[in-house]
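In: My questions concern the predicted model and sequence given below.
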Amino acid sequence: MFHKIQMKLSFICCSITAVIVLFIILCCLHVSEHNMYGQERALFLLKAGTISSDLHFSESIDLHWYQRHHMGKNILSIEVNGSPSTLSALLLSEQEQAILQELTEYAKREHPADDSTALSPNTRQQTFTYTNNRHEFLVMKAVLIEKEQEISYTYLYNLDNFYRNINGQRVRFLVIWLLSIAILYLFSHTFTSHVLKPLAKNDENQRHFVAVASHELRSPLAVFKTGLSILKHKPDPGKTTHIFTLMENEMSRMERLIEDLLCLSKMENAEYPFHFEHTDLAVLLTAAYDKYAALAASRNLTLSLSIAAGYDYNCLCDSQRIEQAVIILLDNALSYTPGGQNVTLNLYGSHKKCYLQVIDSGKGIPASEKEKIFDRFYQVNSSHSHKEHFGLGLSIAREICHRHGGKISVSDTHGGGSTFTLILPKTNSHT
């Protein structure tokens, strides 16, 4: 499912960005081509102006001058008193003469002499564009009156090179755009993969959560069903008490599981009420020690309390929730530590933080499991040998720490075992 979503998002992101890039490229092309045409026209007017100036001021026009202005695909035709000049008659090819003839007919229709601009009493000129057989020209037609002679010239500036450059630029921009699409798709695919990864992980966790929760709820329901079946079909007064005890225990397990699920859900959605007040963590930890010392002794475990002197343990927190987190850690330590070992409650501080530790000397937690143990329903011991634990306690403890602006971590105890540390700021920024 997420792979299809990723492909669709990648395609959408790439398409939208490609359209935006194409729009930018077209705008750049338009501006560039407009500037290139302006430069080409300026060069044309400069050359035409040079021709006018030379014809006006030079005593004679030689072959070298004519060839210089007639070079390439440009065409220059000069007439004196209505007749072609000697150079024009000699050097113009039949194709060029045909183009000039067509241009003359075109100019009569579209650009009559009346449209020409008078630059001086003796000079008139007009400029326009002309297309012939897919060739486009900038045209200058001018008439000079000099020494009782009428000298007229027609100068056609060929734009083939200009359009060749334009097409080359368009091809380059097209290649750049196509390459950008490939790069954009790779980026979109990587980006959407990164964005969807937490969602995929959350979906996987949710599926695991539903599966494990269903399993945990199915077990007590199976006990109820079996017990009710026995009571209904094979009533035995000697077994009734035992069956009711089993059903009552399973009912208590269901209640604890549901309460933990509701508690965790409310904490994650910020719906669980927290009441912050100044609390002496030394008093809180001492109270937890007093509650569990007898239980530890009954399990052949030694529970000790260590509170470092010289620190102020006054912390702004919800004392009930912090006590709940400490009890979760302490209950886990007492449940998973073998008999004859030690469990220690430790408290020390710094200028801004307090550190509550539950230290056991049990089997410890593998390095690969240290981050996973805070996930819902995760248990290092997959056999579920401790039926009173559902794998939700550490998730609840982590949420409690986060709501206080603190964090919880686990490390190895020197000599074996695990050390869980609650780090709480003395002044909570989450209130």
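Out: Okay, I see it. Numbers count the residues shown, from 1 in each chain.

In: all strands for this structure, in order.
Out: Under the criterion DSSP state E, strands of the chain are mapped to 75-80, 83-84, 117-120, 123-132, 135-146, 149-158, 277-280, 302-307, 314-317, 342-349, 353-360, 407-412, 418-425.

In: got the contact list for the shortest one?
Out: Here strand 83-84 makes contact (Cβ atoms under 8 Å, 6 or more residues apart in numbering) with Ser77, Ile78, Leu92. No exception for glycine: its C-beta is placed from N, CA and C like everyone else's.

In: In JSON lines: these, plus neighbour count, pLDDT and distance to Leu103.
Out: Written out in JSON lines, the entries for these read as follows (neighbours: other Cβ atoms under 10 Å; pLDDT from 0 to 100; distance: Cβ to Cβ, whole Å):
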{"residue": "Ser77", "neighbour count": "24", "pLDDT": "91", "distance to Leu103": "9"}
{"residue": "Ile78", "neighbour count": "22", "pLDDT": "90", "distance to Leu103": "14"}
{"residue": "Leu92", "neighbour count": "19", "pLDDT": "88", "distance to Leu103": "12"}
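
In: Nearest to Lys291 among those?
Out: When these are compared for distance to Lys291, the smallest value, 113.6 Å, is given by Ser77; criterion: Cβ to Cβ.

In: re the thing from before, could you export the strands of the chain to JSON lines, including columns for distance to Phe23?
Out: Listed next are the strands of the chain as JSON lines, based on distance: least, Cβ to Cβ, whole Å:
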{"stretch": "strand 75-80", "distance to Phe23": "40"}
{"stretch": "strand 83-84", "distance to Phe23": "52"}
{"stretch": "strand 117-120", "distance to Phe23": "39"}
{"stretch": "strand 123-132", "distance to Phe23": "29"}
{"stretch": "strand 135-146", "distance to Phe23": "28"}
{"stretch": "strand 149-158", "distance to Phe23": "33"}
{"stretch": "strand 277-280", "distance to Phe23": "60"}
{"stretch": "strand 302-307", "distance to Phe23": "68"}
{"stretch": "strand 314-317", "distance to Phe23": "55"}
{"stretch": "strand 342-349", "distance to Phe23": "61"}
{"stretch": "strand 353-360", "distance to Phe23": "54"}
{"stretch": "strand 407-412", "distance to Phe23": "48"}
{"stretch": "strand 418-425", "distance to Phe23": "51"}
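
In: any idea how far Ile181 is from Met7?
Out: Counting by Cβ to Cβ, to the nearest Å, the separation of Met7 from Ile181 is 15 Å.

In: hmm, back to that, and the strands of the chain, which one's lowest on average pLDDT?
Out: Per-stretch mean pLDDT for the strands of the chain is lowest at strand 117-120 (a mean of 74).

In: Mind listing the residues bridging to Ile359?
Out: With DSSP bridges applied, the residues forming beta bridges to Ile359 are Thr344, Thr419.

In: Could you pick out the longest helix of this structure?
Out: With residue count as the measure and DSSP state H as the assignment, the chain has helix 160-233 as its longest helix.

In: pLDDT of that one, averaged?
Out: Per-residue pLDDT values across helix 160-233 average out to 80.

In: Now stretch 309-318: buried residues?
Out: By neighbour count, and taking 16 or more other Cβ atoms under 10 Å as the criterion, the buried residues in stretch 309-318 are Tyr311, Tyr313, Cys315, Leu316, Cys317, Asp318.

In: distance between the ends of it?
Out: Using Cα to Cα, to the nearest Å, the gap from the first to the last residue of stretch 309-318 comes to 23 Å.

In: what's the closest non-adjacent residue to Leu63?
Out: The spatially closest residue to Leu63, leaving aside those adjacent along the chain, is Leu87, at 6.5 Å (Cβ to Cβ, 6 or more residues apart in numbering).

In: residues near that neighbour, how many?
Out: If you count neighbours by other Cβ atoms under 10 Å, Leu87 ends up with 18.

In: Likewise for Val80?
Out: Residue crowding around Val80 was assessed by other Cβ under 10 Å; the count is 15.

In: Could you do the one 3 residues further on as well?
Out: The local packing count at Ser83 equals 9, with neighbours defined by other Cβ under 10 Å.

In: swap in Gly168?
Out: The number of residues near Gly168, taken as other Cβ under 10 Å, comes to 10.

In: Which one of Met7 and Ile181 is surrounded by more residues?
Out: Using other Cβ under 10 Å as the criterion, Met7 and Ile181 rank with Ile181 on top: 16 against 13.

In: Contact partners for the closest residue to the more buried one other than its chain neighbours?
Out: Setting aside the residues directly before and after it, Ile181 is nearest to Ala18 in space (Cβ to Cβ, 6+ apart), at 5.0 Å. Applying Cβ under 8 Å, 6+ apart, one finds that Ala18 lies in contact with Trp177, Ser180, Ile181, Leu184.

In: is it true that the first one touches Ile20?
Out: No. Counting by Cβ atoms under 8 Å, Ile20 is not a contact partner of Trp177; they are 11.2 Å apart.

In: So for the two, which residue has more residues nearby?
Out: Neighbours were tallied for Trp177 and for Ile20 using other Cβ under 10 Å; the higher tally belongs to Trp177 (16 against 11).

In: ok, the more buried one - contacts?
Out: When contacts are counted by Cβ under 8 Å, 6+ apart, Trp177 is found next to Ala18, Val21, Leu22, Ile25.
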